[in-house]
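Asker: Model the following, please.
(4 chains)
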Protein chains: 4
Amino acid sequence: MQINTHPKAILLLSCPDQPGIIAKISNFIYKNKGNIIDVDQHTIHAEKLFLMRVEWQLEGFAIDREDLNKHIENLLKPLEASWQVYFSDQLSRIAIWVSTQDHCLLDLLWRFRAGELAGEVAIIMSNHREVEQMATQWNVPFIYIPIKKDNRGHEETQKKILSEYKIDLVVLAKYMQIVSGNFIKKTPVMINIHHSFLPAFPGAKPYDQAYLRGVKVIGATAHYVTSDLDAGPIIEQEVIKVSHKDEVVDLIRKGKDLERIVLARAVRLHLEHRILVYKNKTVVFE
Amino acid sequence: MQINTHPKAILLLSCPDQPGIIAKISNFIYKNKGNIIDVDQHTIHAEKLFLMRVEWQLEGFAIDREDLNKHIENLLKPLEASWQVYFSDQLSRIAIWVSTQDHCLLDLLWRFRAGELAGEVAIIMSNHREVEQMATQWNVPFIYIPIKKDNRGHEETQKKILSEYKIDLVVLAKYMQIVSGNFIKKTPVMINIHHSFLPAFPGAKPYDQAYLRGVKVIGATAHYVTSDLDAGPIIEQEVIKVSHKDEVVDLIRKGKDLERIVLARAVRLHLEHRILVYKNKTVVFE
Amino acid sequence: MQINTHPKAILLLSCPDQPGIIAKISNFIYKNKGNIIDVDQHTIHAEKLFLMRVEWQLEGFAIDREDLNKHIENLLKPLEASWQVYFSDQLSRIAIWVSTQDHCLLDLLWRFRAGELAGEVAIIMSNHREVEQMATQWNVPFIYIPIKKDNRGHEETQKKILSEYKIDLVVLAKYMQIVSGNFIKKTPVMINIHHSFLPAFPGAKPYDQAYLRGVKVIGATAHYVTSDLDAGPIIEQEVIKVSHKDEVVDLIRKGKDLERIVLARAVRLHLEHRILVYKNKTVVFE
Amino acid sequence: MQINTHPKAILLLSCPDQPGIIAKISNFIYKNKGNIIDVDQHTIHAEKLFLMRVEWQLEGFAIDREDLNKHIENLLKPLEASWQVYFSDQLSRIAIWVSTQDHCLLDLLWRFRAGELAGEVAIIMSNHREVEQMATQWNVPFIYIPIKKDNRGHEETQKKILSEYKIDLVVLAKYMQIVSGNFIKKTPVMINIHHSFLPAFPGAKPYDQAYLRGVKVIGATAHYVTSDLDAGPIIEQEVIKVSHKDEVVDLIRKGKDLERIVLARAVRLHLEHRILVYKNKTVVFE
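Answerer: Take a look at the predicted model:
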């Protein structure tokens, strides 16, 4: 998809499956002089659930932005739909959380600056000082929040910061701390990169686990964070072949290439509003 | 996509891009009590060309099959569209052409019998006798048409056979003969498997060419046959890594795994009416 | 590796790491006028374990085959090595075990006949009758051994058959029965294909598990069978990308392509004596 | 392979194939109390050419570094071998050449700093000013050498700089200028990243070419630079699937991920002295 500088509206919706949904929505847009750029839809037959993403140009569209939600509310009420409207020129505000490893962070910073990812990196937050210099060089505020064992006090500070900086999305770019279920409930959406092809090797030290098991492929998984550790909805996965020659350090090195790419793809899909979650799974409209 | 035993209609269309196409078509289906199963569309902005595939259930649909073309003709005339309607229960009749290698043939026969591919293998045609026994074991008529140099006489026989058996699709499953441009114009659609990642190594002996060049990946390409040798619209490609340890025989062996899979995928996409061709390229609605 | 018609000897060995092993062995072969075709070695530093594969031409080699074991015994005694010698022209005798699915079976039969796999398929054994016709067409004895719940009596019959047919390798090509630990101890080496990227989704119905979890890649794993279900040493793994569009039937279809290729590769590596097992892992000298 | 801090010697050699080479070399190392860490060898039968890489620990090795060449000269003279000895602790000095794109540059800088690549980035050279700030931030001297059409005068300056900084390897990390054949002959080894799966789409604008041809995979190729444009020995290649949805900008974006990884792998293999070139191909001892 070519990044288009003309502003567009994006509607993401899910509702009980029934005939005429596409007709209803495409009619609405057409009658109001919107030009549909992209439609994608999916039906989960076992759940009788219909999911859809529509993207249309706002130039010449007859409904003002501030009124759009109201119109769509009226349109979709009879469908009992869950839905959300986004505008392509309203950039998400992102917090990147890291611990000491900087490869995903640097990769994301480069991609945002290069325009591959549409959004604003508002802050970099870490429980260590290693990446502070990198944050400074890339002109992103660095916030150091140390973490003490047996004390969740830092979560209050984190919550305050997220709110203060109006963060829409937290990217856990090798943040090696467990986030509490309570915290997750009250914060913006979080995307995490886990360094294994989940559900294999959840938890700590997946590359050590992979080495011990003697697998011939390793992987990385980007997923939304839920209160179940490494068990949230999977957005993207990628793997690479390994052999007996690869020791744990080699798995780590090869894995970093996967982690960067998988996390970047997941963040991109999220920021372009291409992901719908149902149950514990994702529908990704690529 | 789950193979559904309920009959469905599939509309493939391309037309100049303009607002309201999706609304128009989805309305038409909805008003006639059809339930859309799948919509996919694509716009080639540089060409201002809109392409679409819609699939809907025929159960309860208000228009009879025999009248459907007329209705769609009326509907789409203002759009200046090229279009075609298919019914999922009208199976294509396939001719598989081979020379002496039988790996793609056996693979296709298995997939048709297993229900992975929807269609009927009406004949196996070869310019050699090697696969005759296989044809017999799989209960498919085998037609032997020898080919003499400097004599295109066999093409007349081939044409007659294709017509007699009412063939919709010819699959060149390692048919190592060049088909003349004249013949191509007058025959059903042909899909060929070429054993390289085109446009690299067109023509004869691509694995020898790949060995000489010292590439680190080899590939296979399924494409529609046009009068330009190995230059028709590409449907599917796949590659595999190779190393200096691989001699030509190893490239051939590894390549056969690619050839089978790539050809089977292309045939599947074609038989499910998921491919639109424009210029010399394909749009594949997967 | 080009299949060479000239007979070769292959030595597989593992021993405590120490200097001079390669010199010792290559000297031995050189002095006896053997020409080394291929050497590969690996050291597991954490275990101080040295593993090696040497392949040399037997033409002109000064030691007779029947005396070779004795000479190597003398040579390697000081190294406290485990070792085995194979001759490339002594073909392994293989039993393929299946239940009702025939895709891996057909694929293996084709590869043995085409010369991709060096060995003799001595029998096809099944607890069902579905593949009997295929066995007959490929001229391989078919042995039907039904399995009753709560009665391991069939294992006695299986053992007798394996012994009678002098089987060296059992390939579980979608054999959907659990083999008892007792049986495994007393039978030839067994290679199994499991339809997931182990250790994810062991046990029954891995594609259903994969669908439920919403993974974005699925895989297949070939491994040696041990008494721990789906937990033996992994020989080969391969994966393919999937999406929300893929229902369980699609995962099964895509997975079959993986299963065929992964199992065939593992069997090939085993038959070429390229695999050494230590602890629960494999070293694969490709 | 684990990076080992203990210094090692690496011998790369090629010679006419003959019996006893491995015995000769492993004996030499063993007698002089060297412990072989890794041996890899390959025979190109069609050329009767033997190629080998041996790596051994220098601790306790009986021959001094400064005398090693002499000893090996004596050892290998009868074999008519071409050979070279390297020491793992003698780091190569690298010049990275770029034009305006900085993704490969940043990736390489990160990898050298992280220790994934062993070597010293001595200079960054560009015909533009875009990456100057990046060079400064990473504390690498930046050398700006503008290029005028129809004037190869800059090559004299480049040669002087390479000599002055004692450069062993030039990495063309998206350096969009053609280097003259004369220059190549007189300079250190050069590795280039080309943004296609060569030999497809050599020359300018390969992503535009790929888009026009409608390929379903794109790739990147790292190769040694020779006077034939994009035709030097291929070191590494990688590909990614694309679809009709990908416009040229998407191919460029996806391709950048390939370019980074492929170039980094090739540089790594070169710096670890794992590559031998014969004719126009590489043998890569991974």
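
Asker: so what's the closest residue to chain C within the stretch 51-200 of chain A closest to, chain neighbours aside?
Answerer: Going by C-beta to the nearest C-beta, chain C is nearest to A:A200 of the stretch 51-200 of chain A, at 4.1 Å. Quick note: C-beta positions are derived from backbone N, CA and C, even for glycine. Nearest non-adjacent residue to A:A200, counting by C-beta to C-beta, 6 or more residues apart in numbering or on different chains: C:A200, 4.1 Å away.

Asker: Double-check A:L229 against A:Q177; I have them as touching.
Answerer: No. A:L229 lies out of contact with A:Q177 (C-beta atoms under 8 Å); the separation is 11.4 Å.

Asker: These two - which one has more neighbours?
Answerer: A:L229 (15 against 12; other C-beta atoms under 10 Å in any protein chain shown).

Asker: Which strand residues bridge the closest residue to chain B within the stretch 101-250 of chain A?
Answerer: Per C-beta to the nearest C-beta, A:K241 is where the stretch 101-250 of chain A lies closest to chain B, at 8.1 Å. In this entry, A:K241 is beta-bridged to A:V217, by DSSP bridges.

Asker: For the nearest residue to A:S126 once chain neighbours are set aside, give me its contacts.
Answerer: Computed as C-beta to C-beta, 6+ apart, the closest residue to A:S126 that is not its neighbour in sequence is A:V98, at 5.1 Å. Applying C-beta atoms under 8 Å, 6 or more residues apart in numbering or on different chains, we find A:V98 in contact with A:104-105, A:124-126, A:128, A:131, A:173-175.

Asker: how much space between A:R113 and chain D?
Answerer: Distance, A:R113 to chain D, using C-beta to the nearest C-beta, to the nearest Å: 10 Å.

Asker: Could you tell me what pLDDT the model assigned to that residue?
Answerer: In this model, A:R113 is scored at 97, pLDDT.

Asker: Pull the distance from the helix or strand encompassing it to the chain's centre.
Answerer: If you go by DSSP states H and E, A:R113 is part of helix A:103-114. Taking the mean C-alpha point of helix A:103-114 and that of its whole chain, the gap between them comes to 15 Å (C-alpha atoms, centre = their mean, to the nearest Å).

Asker: And stretch A:171-184, by the same measure?
Answerer: 14 Å.

Asker: avg pLDDT for it?
Answerer: Summarised as a single mean, pLDDT over stretch A:171-184 is 93.

Asker: again, but for stretch A:193-210
Answerer: For stretch A:193-210, the mean pLDDT works out to 96.

Asker: Look through chain A and tell me its longest helix.
Answerer: Secondary structure of chain A per DSSP state H: the longest helix is helix A:248-271.

Asker: quick one: is the helix or strand just after that helix near chain C?
Answerer: Next helix or strand after helix A:248-271 toward the C-terminus (DSSP H and E): strand A:275-278. No. Using C-beta under 8 Å from any C-beta of the partner chain, strand A:275-278 never reaches chain C; the gap is at least 8.9 Å.

Asker: which helices and strands sit right next to the helix or strand just after strand A:275-278?
Answerer: Under the assignment DSSP H and E, the closest C-terminal helix or strand after strand A:275-278 is strand A:281-284. Secondary-structure packing of strand A:281-284 (3 or more C-beta pairs under 8 Å, 6 or more residues apart in numbering or on different chains; DSSP states H and E): strand A:234-241, strand A:275-278.

Asker: for those strands, which one ends up most surrounded?
Answerer: Among the helices and strands packed on strand A:281-284, ranked by average contacts under mean count of other C-beta atoms under 10 Å in any protein chain shown, first place goes to strand A:234-241 (a mean of 22).

Asker: residues in contact with A:H154?
Answerer: A:127, A:145-148.

Asker: and it, how far is that from chain D?
Answerer: 28 Å.

Asker: quick check, that residue in a helix?
Answerer: Yes. The assignment for A:H154 (DSSP: H, G, I helix; E, B strand; the rest coil) places it in a helix.

Asker: Now do the strands in the stretch 101-250 of chain A.
Answerer: Remark: strands assigned in the stretch 101-250 of chain A by DSSP state E, counting those that start in this stretch are A:120-126, A:142-144, A:169-172, A:189-194, A:217-224, A:234-241.

Asker: Find the one among those with the highest mean neighbour count.
Answerer: Mean neighbour counts for the strands of the stretch 101-250 of chain A (mean count of other C-beta under 10 Å) peak at strand A:217-224, with a mean of 26.

Asker: by contact count, what packs against that strand?
Answerer: The contact analysis (3+ C-beta pairs under 8 Å, 6+ apart) places strand A:217-224 against strand A:189-194, strand A:234-241, helix A:248-271, strand C:234-241.

Asker: do that again at 7 Å, thanks
Answerer: Here strand A:217-224 touches strand A:189-194, strand A:234-241, helix A:248-271, going by 3 or more C-beta pairs under 7 Å, 6 or more residues apart in numbering or on different chains; DSSP states H and E.

Asker: picking up where we left off before, from C:R265, how far out is the residue of the stretch 101-250 of chain A closest to chain B?
Answerer: 12 Å (C-beta to C-beta, to the nearest Å).

Asker: Identify the farthest-apart pair in the contacts of A:H154.
Answerer: A:I145 and A:K148 (10.6 Å; C-beta to C-beta).

Asker: So between these two, which is more surrounded?
Answerer: Taking neighbours as other C-beta under 10 Å, A:I145 and A:K148 compare with A:I145 leading, 15 against 9.

Asker: For that one, give me its contacts.
Answerer: A:125, A:127, A:154, A:157-158 (C-beta atoms under 7 Å, 6 or more residues apart in numbering or on different chains).

Asker: before we move on, what about A:I261?
Answerer: Counting by C-beta under 7 Å, 6+ apart, A:I261 touches A:238, D:257.

Asker: repeat that with 6 Å
Answerer: Shown in contact with A:I261 (C-beta atoms under 6 Å, 6 or more residues apart in numbering or on different chains): D:D257.

Asker: Ok, the one 4 residues further on next?
Answerer: If a contact means C-beta under 6 Å, 6+ apart, then A:R265 has A:E236 as its contacts.
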